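1. missing the sequence, but the structure's below:
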């Protein structure tokens, strides 16, 4: 396929994989957490207005989606700017003087590393993160295929005769 033939494009693919891996890890944790905490609500339909908790049932979902789209767009544009000109977005545009020590793209450190993981063996942790992220991407796709094709969920395992 030649995806790694262009070193500049490969750098962007690495950043994309990192972001998708982080979202997949959050998604898998969310699916499993929802299946454990509320097995009566199907995870694939948990975001529907009738399945939301009381105070959130009258929310304008279109407005929420619009805000989500705008905020995610802003974050992605900032990430793209950092990719094109590394270090150019390290200072907060609203609160001047707040900077992150961005030593490597995708790993800002500073206030985004409150437990100080970057002070240890960062390369080993980065390898673990991307490996776990790849597994999470596969797991999330397995959840979706399980729902769409097999028509059963993880909570069905607790009622199955094993």
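-> Okay, I see it. Just so we're clear, the structure is a prediction, and the values are computed from it rather than from any experiment. Numbers count the residues shown, from 1 in each chain.

2. Now the element after the host helix or strand of residue 32, going C-ward?
-> Under the criterion of DSSP states H and E, residue 32 resides in helix 7-37. Going down the chain from helix 7-37, the next helix or strand is helix 61-84, by DSSP H and E.

3. I'd like to know which elements the next helix or strand along the chain from that next one is packed against.
-> Sequence order places helix 122-145 as the next helix or strand after helix 61-84, per DSSP H and E. The contact analysis (3 or more CB pairs under 8 Å, 6 or more residues apart in numbering; DSSP states H and E) places helix 122-145 against helix 7-37. All C-beta spots, glycine's among them, are computed from the backbone N, C-alpha and C.

4. show me where pLDDT drops low in this protein?
-> 108, 110-111, 151-162 (pLDDT under 70).

5. Tell me which residue is most central in the chain.
-> residue 23 (1.5 Å; CA atoms, centre = their mean).

6. Residue 106 versus residue 17, what's the distance?
-> In this view, residue 17 and residue 106 are 10 Å apart by CB to CB, to the nearest Å.
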